[in-house]
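S.K.: need a structure here:
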Amino acid sequence: MARIEVTEQSLRAGVDDRVFQQALAWSDQTAGISATGLDLEAVVAGSAVSVRIRPDGIDARCECPASMPCAHAVAAVLAWVRAGEEEAEQDPDLAAELFAEFDDVLGELADEARACQPGDEWYPDTDDLEDLLDEVEELAGQAPDLVRELTGQVIERIKDVLGSGQCQGDDLAEALARAEDLSGQARGA
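M.R.: Okay, the predicted model is just below:
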């Protein structure tokens, strides 16, 4: 999986300077930003924009007639990046909250694994773990230090649970692989 880092600098490097300058002017005229992973929707200076952030740049659709990526699309991504940076800076408890949530979820999984008797089949429910990894994935391009720290601890805890030998199915191993991918993305940031 390719690592995608989205910063103001990476946006500037990926588009024409005139487009970027207009995007800077419009970034504060961005409303209704909706993000799912690396897919964004917003209204920028009156134009509806849909953007998918890809390893090789941004893929955008906009109501304006300009060639893509237009200044509206770049402004939407720029506003999203800035909002993520501000959120990470303004919420010093974000890391503590995520660490506590991961600790609770992984602690429950470890307790379940320890409670298994030899010969028991245990299929861990990893839905809560996957939900937390979704949250971390959304932070990957905006708070790489936090993601690196979180995934480092999550990886070790998952390995400990897997080491119990009681786990059946692939869900926990897949969660481990996902955490390792996120860690790799954050290291490259």
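
S.K.: rest of the way, CA atoms for contacts and neighbours
M.R.: Noted.

S.K.: what's the weakest-modelled helix or strand in the chain?
M.R.: helix 71-90 (a mean of 78; mean pLDDT, DSSP states H and E).

S.K.: just the helices in the chain please.
M.R.: 8-14, 17-26, 71-90, 93-115, 127-139, 144-162, 171-188 (DSSP state H).

S.K.: in the least confident helix or strand of the chain, which of the residues would be classed as buried?
M.R.: Within helix 71-90, the residues scored as buried using 16 or more other C-alpha atoms under 10 Å are 71-82, 84-85, 88.

S.K.: between all of these, which two are separated the most?
M.R.: Comparing every pair within the buried residues of helix 71-90 by C-alpha to C-alpha identifies Ala71 and Ala88 as the most remote, at 25.5 Å.

S.K.: deepest of the helices of the chain, which one?
M.R.: helix 71-90 (a mean of 22; mean count of other C-alpha atoms under 10 Å).

S.K.: so where's the chain uncertain?
M.R.: Scanning the chain for pLDDT under 70 picks out 1-5, 85-92, 141, 165, 188-189.

S.K.: again, 50 this time
M.R.: 1-3, 90 (pLDDT under 50).

S.K.: mind giving me the domain split of it?
M.R.: 8-89, 91-188 (automatic domain parsing).

S.K.: returning to that earlier point: looking at the helices of the chain, which is closest to Gly46?
M.R.: helix 71-90 (9.2 Å).

S.K.: so which of the helices of the chain is nearest Val44?
M.R.: That would be helix 71-90 among the helices of the chain, by C-alpha to C-alpha, at 5.6 Å.

S.K.: and Ala100, how far from Val43?
M.R.: Counting by C-alpha to C-alpha, to the nearest Å, the gap from Ala100 to Val43 is 36 Å.

S.K.: meant to ask about Leu78, not that
M.R.: 13 Å.

S.K.: show me the contacts for Ile58.
M.R.: The neighbourhood of Ile58, defined by C-alpha atoms under 8 Å, 6 or more residues apart in numbering, consists of Val51, Arg52, Pro69.

S.K.: please apply the same query to Phe20.
M.R.: Leu11, Arg12, Ala71, Val74, Ala75.

S.K.: change it to 10 Å
M.R.: For Phe20, the contacting residues are 8, 11-14, 26, 69-72, 74-75, 78, by C-alpha atoms under 10 Å, 6 or more residues apart in numbering.
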